[in-house]
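**Student:** Using only what follows, build the 3D model:
(chains A and B)
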Amino acid sequence: MYKDWDIIITNRSSLLNIDLHEVWRYRDLLAMYVKRDIITFYKQTILGPLWFVIQPLFTTIMFMFVFGGIAGISTDGIPQAVFYLAGLVCWNYFQDCLSKCSDTFNANQAIFGKVYFPRLVVPLSIVISNIIKMAIQFTLFLAVYIYYFASGVDFHLNMTILLVPILIVMLGCLGLGFGMIISSMTTKYRDLRFLITFGVQLWMYATPVIYPLSVMKDTYPKYIWVLVANPLTAILETFKYAFTGVGEFNWLYLGYSFAFTVIILILGIVIFNRVQRNFMDVI
Amino acid sequence: MSNTVIEFNNVGKQYILGTIGTGTLSQDLNRWWANIRGKEDPFLKIGDTNDRTQKGDSRFVWALRDINFKVEQGDVVGIVGKNGAGKSTLLKILSRVTSPTTGNIKIKGRIASLLEVGTGFHPEMTGRENIFMNGSIMGMTKAEIRSKFDEIVDFAGVAKYVDTPVKRYSSGMMVRLGFAIAAHLEPEILVVDEVLAVGDAEFQKKAIGKMQDVSKGEGRTVLFVSHNMAAVRSLCTRGVMLKNGTVDFIGNIPDTLDHYLKNGEGVQKSKIVDNIKWSKNSLKIDSIRINDTEESSSTIRNGQKSLKIVIEGSTEEDMSYDIMMTLKSKEGIPLATYAMGHYYGNIQHLKKGHFSLRRELELPNILSKGIMTADLYLHHPMVEYLMKAPDCCTLESEGFQQGFGRALSQEQNGFMGFNDYEEK
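**Tutor:** Take a look at the predicted model:
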């Protein structure tokens, strides 16, 4: 008798057997997860989504005092507020995606242990719900940008601005990819979880968030390869260049970042997919 | 035409005992190396069957091994077995929470599992939001949930609270809401694990009714795990009994439950005397015979008039005693008790030394067909217990039947039948 089975549960499956079709079937769940993240964020708060704005605003003010004022690090002639805010908006998005995604298995083990749905939905929803947070912070950035623009600062707005949506997607994908890899590894070896908490902080200093690439080039030309190897460098520099015309814009660097992002994302999905089937036994 | 919707082929699941310690990285590398050379996983060859009571030699155990069976469409399969027999592991593999170590399962149709009510509720979100959230976790689309929304709220009885965060719900409301969502799902296969253990009696009844509708009315397949034998009996059509990770018995539900109770939970040892749970220090019991045997399972024949109890042993002090025996149904519901001390105040006395106590109970004329378990006690009524042996043996009654008659069954007709009254 001919039988067409819908599901076959086995131990073995090919490495690249990723059921994106199934993720699509669960798109309503994806939407629910995004909605849940947004709703629960500001439940029982007075200021609500305003908190998304307050955090980068005050961090920027602190940066202006500490790094701009006391340490006197140059911002390449860009107003400090615009410079730091641009860096922070990008970095925050990446960091949120990374740290939340890297906790996927751990934070959801109760629900993952009870029902099946494509696990990929959860990290994807994190990236998407953080885009909304990012959009609010980006609006803040634009407001500050327009304020300085109106008060006569000469920004060299250029065509690179068309790349900005791609830059944001790249940031999200990098956070997603790295996050999924770390999340998969921490199910069995928890060491990485400790690494991630301070590793992310260190990573920020190895990324041109609070200083421009040009300063690094002048001060430590020997170690510039560290920054160039960092896939975030090109993204942040291009972002700042797009709005201000100051900074490094280099197709080679950006191309490298892009390739890096694609590889990390694919690697992340493959590892994540492999771990999800058995992680309940080891976590 | 038979229509198989689930097929288990040699399904096995291996676990490693103890904490994951230093050994794992080297074992991982070992596995990986064997995998690269195209060899079999070196750790699959070893491993014990999963008998918790005995200390094994190996750190690897098989929680499930060589599971083979098929489920037809519309079957309601009850999976029974002692704690640790592998029931939940089987359902976990089936609902794809974890994957099997060996073998495969083939499934036709959409499968949804209800492993524990209320998982996936977010306490900060309202009932309404949680219904949508939980429904989509179980694989429903938004449109499906919207069309069922009123029914779900109605079934759960939380209409008033639907826009309140679920953290303000009572635990009962949470459970009802969780079950209501799952019960209104429309998968072809529903997997249910121990959900009826929670909730009040009224809700349990409602839940069982709903599950019956699902299976009978709509022809969907249900896999059900429960220790509630009454629920299993009333819901299921077929049964699978697991024992130490392997399939011990497959059949229709009455046969499976009979098999389970004969080999299962209550009666553990094959000798009645080994099933004594407690006895007074001064008392030593050498042997117990019930129904002319020391074995813990025996048959009451068609037309058998009496049941003999013989207890032999010795005592270091004089004692007053009576023998009490209670027969219970498979579900543990008491059916009848023999207790002369309680009825008449008849108490016997024993001198120090060896004793042999004999009793012969009059059995009802018309005893139904079915399996009973017996609790046996030696006690001084209202004063103290001397020996307790609950669930010490099972008695299988063939049932009374004469001529063209038919034996009544215990489940449907009760413990015994009535005769016409005749003045003696």
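**Student:** can you map out the helices along the stretch 101-250 of chain A?
**Tutor:** A:104-107, A:109-112, A:121-150, A:164-186, A:191-205, A:213-219, A:224-229, A:231-244 (DSSP state H, counting those that start in this stretch).
**Student:** Need the phi and psi values for the residue of the stretch 101-250 of chain A found nearest chain B.
**Tutor:** In the stretch 101-250 of chain A, the residue found nearest to chain B is A:Tyr116; the distance is 3.9 Å by CB to the nearest CB. All C-beta spots, glycine's among them, are computed from the backbone N, C-alpha and C. Backbone geometry at A:Tyr116, expressed as degrees, to the nearest 10, gives phi -100, psi 130.
**Student:** My guess is it contacts B:Ser95. True?
**Tutor:** Yes: using CB atoms under 8 Å, A:Tyr116 and B:Ser95 qualify as a contacting pair, with a distance of 5.4 Å.
**Student:** Please identify every residue contacting each of the two.
**Tutor:** Both A:Tyr116 and B:Ser95 are in contact with B:Ser113, where contact means CB atoms under 8 Å, 6 or more residues apart in numbering or on different chains.
**Student:** how much space between the residue at minimal distance from the centre of chain A and B:Ile323?
**Tutor:** When chain A is reduced to its mean C-alpha position, the nearest residue by CA atoms, centre = their mean turns out to be A:Phe94, at 1.9 Å. From A:Phe94 over to B:Ile323 the distance is 78 Å, taken as CB to CB, to the nearest Å.
**Student:** Equivalent analysis for B:Ser147, please.
**Tutor:** Spatial separation of B:Ser147 from B:Ile323 under the definition CB to CB is 63 Å.
**Student:** how close does the residue nearest to the centre of chain A sit to A:Val122?
**Tutor:** Distance check for A:Phe94 against A:Val122: by CB to CB, it reads 18 Å.
**Student:** Could you do B:Met133 as well?
**Tutor:** Look at B:Met133 and A:Val122: by CB to CB, they are 13 Å apart.
**Student:** More neighbours: which of the two?
**Tutor:** Set side by side, B:Met133 and A:Val122 show more neighbours around A:Val122, with 25 against 20, by other CB atoms under 10 Å in any protein chain shown.
**Student:** quick one: contacts for the closest residue to that one other than its chain neighbours?
**Tutor:** Of all residues beyond its chain neighbours, the one nearest A:Val122 is A:Thr104 (5.2 Å), with distances taken as CB to CB, 6 or more residues apart in numbering or on different chains. Taking CB under 8 Å, 6+ apart, we find A:Thr104 in contact with A:119, A:122-123, A:126, A:179-180, A:183.
**Student:** tell me which element the closest residue in space to B:Asn275 that isn't next to it in sequence is part of?
**Tutor:** The spatial neighbour of B:Asn275 that comes closest, neighbours along the chain excluded (CB to CB, 6+ apart), is B:Cys392 at 4.1 Å. Remark: B:Cys392 resides in strand B:384-397, with elements defined by DSSP states H and E.
**Student:** partners of that strand in the sheet?
**Tutor:** strand B:278-279 (antiparallel), strand B:297-300 (parallel), strand B:370-380 (antiparallel) (DSSP bridges).
**Student:** Find the closest residue to chain A in the stretch 151-300 of chain B.
**Tutor:** Scanning the stretch 151-300 of chain B for the residue nearest chain A gives B:Pro165, at 7.5 Å (criterion: CB to the nearest CB).
**Student:** mind checking how far that residue is from B:Ala156?
**Tutor:** Counting by CB to CB, the gap from B:Pro165 to B:Ala156 is 16 Å.
**Student:** Same drill for these two, tell me which one is more crowded.
**Tutor:** The residue with more neighbours, out of B:Pro165 and B:Ala156, is B:Ala156; 24 against 18, by other CB under 10 Å.
**Student:** pretty sure the more buried one is touching B:Leu177, no?
**Tutor:** Yes: under the criterion of CB under 8 Å, B:Ala156 is in contact with B:Leu177, at a separation of 4.4 Å.
**Student:** got a list of contacts for the worst-scoring helix or strand of chain A on mean pLDDT?
**Tutor:** For chain A, counting by mean pLDDT, DSSP states H and E, helix A:279-282 ranks last in confidence among helices and strands (a mean of 71). For helix A:279-282, the external contacting residues (CB under 8 Å, 6+ apart) are A:105, A:109, A:112-113, A:184, A:187-188, B:15, B:20, B:92, B:97-98.
**Student:** Put the alpha carbons of it into PDB.
**Tutor:** Output for helix A:279-282, consisting of C-alpha atoms alone and laid out as PDB, is shown next (Å, rounded to 0.1, in the frame of the first residue of the first chain):
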ATOM      1  CA  PHE A 279      19.100  19.900  23.400                       C
ATOM      2  CA  MET A 280      16.500  18.900  25.900                       C
ATOM      3  CA  ASP A 281      18.700  15.900  26.900                       C
ATOM      4  CA  VAL A 282      21.800  17.900  27.600                       C
END
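**Student:** Buried residues, that helix. List them.
**Tutor:** Burial within helix A:279-282, assessed by neighbour count using 16 or more other CB atoms under 10 Å in any protein chain shown, is assigned to A:279-281.
**Student:** between these, which is closest to chain B?
**Tutor:** Taking the buried residues of helix A:279-282 together and measuring to chain B by CB to the nearest CB, the closest member is A:Met280, at 4.7 Å.
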